[in-house]
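>>> From the sequence below, what's the structure:
(one chain, ligands or ions: 1)
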Amino acid sequence: MVLTVKDVKTAFDGVVIEKGKPEIELFFIIREKIRQKEVVLDKKNITPKKKKEIIELFEKNITIELIREKVQKCKKCELYRAECHTQKVPGCGSPYTPLMLIGEGPGFEEDKQGKPFVGRAGKLLDRLLEKLKICREKIYITNVVKCRPPRNRNPLPKEVKACSELLEMEISIVNPRVIILLGSIALQYFGKKSITRERGKWFVYRDNIWVLPTYHPAFLLRKTGEALKKSKWQVWNDFNLALKRLEELKVIDSIVR
Ligand code: SF4
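Next comes the predicted model:
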């Protein structure tokens, strides 16, 4: 569920929406009013459970926007200074999702558009999600580093370390039930070495998040013939494993079309 200012307006008495202001600014204004008790729950229409739900969603929405702002201002490693760097690429999608995908870092197209997975590899990922009937807007997609490394090289360990605070914040706020790691850099972030050995094998992060590594779509784009067929099949199986887990956890409905 994506919470809008309109939902908040319906839930609370006294919320006035100022025309022409961006949604996020309105959220900040409304949050302040809730804190100052200037707006109160309309008890006639909303149950306490619903109120709690709305406030939680509301806080989540604001916090994910704050992380995006933090990404935009970040100068914690040298990548933002790289010649190829145009703009930061924060994570995107729904912060309320049970499924998060983590890739490596932005490439040429991502850097130009400011969104993760929009280049050739992203298109391949989109086709996969489409076939699996997963709605991209209903999941959260991010990368280990948010700035494009020069010549699309792997991010250096010190760059990954510098950017880890942002990724950890994203994981905390989204708090997904399942994470799919795309490729070896994302896998290494979680302290494991070989994507060939680890792909398709579950491990648990922070006690309650199921994590499944698979190949990065860019890896598939470099393959041809039988090797391509085999790797595609493996990625397909891994995504299906993740969906099965989400089904067992009874949260799959929130991400499918
Ligand atoms: S890669 Fe991450 S840590 Fe480095 S400047 Fe970009 S946002 Fe900051």
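
>>> Residue 201 and residue 210 touch, don't they?
No: Residue 201 lies out of contact with residue 210 (Cβ atoms under 8 Å); the separation is 11.3 Å. (Each C-beta comes from the backbone N, C-alpha and C, glycine too.)

>>> Compare neighbour counts for the two and give me the winner.
Under the criterion of other Cβ atoms under 10 Å, the comparison of residue 201 against residue 210 puts residue 210 first, with 20 against 12.

>>> Am I right that the more buried one sits in a strand?
Yes: the assignment for residue 210 by DSSP: H, G, I helix; E, B strand; the rest coil puts it in a strand.

>>> so what's it closest to, chain neighbours aside?
Nearest-residue entry for residue 210: residue 178, 4.8 Å, with adjacent residues in sequence omitted and distances by Cβ to Cβ, 6 or more residues apart in numbering.

>>> what's the answer for residue 166, then?
Closest to residue 166 by Cβ to Cβ, 6+ apart is residue 71, at 5.7 Å.

>>> Distance check, that neighbour against the ligand.
Distance, residue 71 to the ligand, by Cβ to the nearest ligand atom, to the nearest Å: 5 Å.

>>> just checking, what packs against the host helix or strand of that residue?
Under the criterion DSSP states H and E, the helix or strand holding residue 71 is helix 48-73. Here helix 48-73 touches helix 5-11, helix 23-35, helix 157-174, going by 3 or more Cβ pairs under 8 Å, 6 or more residues apart in numbering; DSSP states H and E.

>>> Just the local confidence number for the residue nearest to residue 166, please.
Residue 71 is assigned 95 on the pLDDT scale.

>>> Pretty sure it sits against residue 90.
Yes: with contacts defined as Cβ under 8 Å, residue 71 counts as touching residue 90 at a distance of 4.1 Å.

>>> immediately after the helix or strand containing residue 179, which helix or strand?
Residue 179 belongs to strand 178-182 when assigned by DSSP H and E. Next helix or strand after strand 178-182 toward the C-terminus (DSSP H and E): helix 184-189.

>>> Report the rounded mean pLDDT for the helix or strand following that next one.
Taking DSSP H and E as the definition, the helix or strand that follows helix 184-189 towards the C-terminus is helix 195-198. Over the span of helix 195-198, the pLDDT mean works out to 97.

>>> Identify each buried residue in stretch 179-198, please.
Using 16 or more other Cβ atoms under 10 Å as the test for burial, stretch 179-198 gives 179-189, 192, 195, 198.

>>> Thanks a lot, catch you later.
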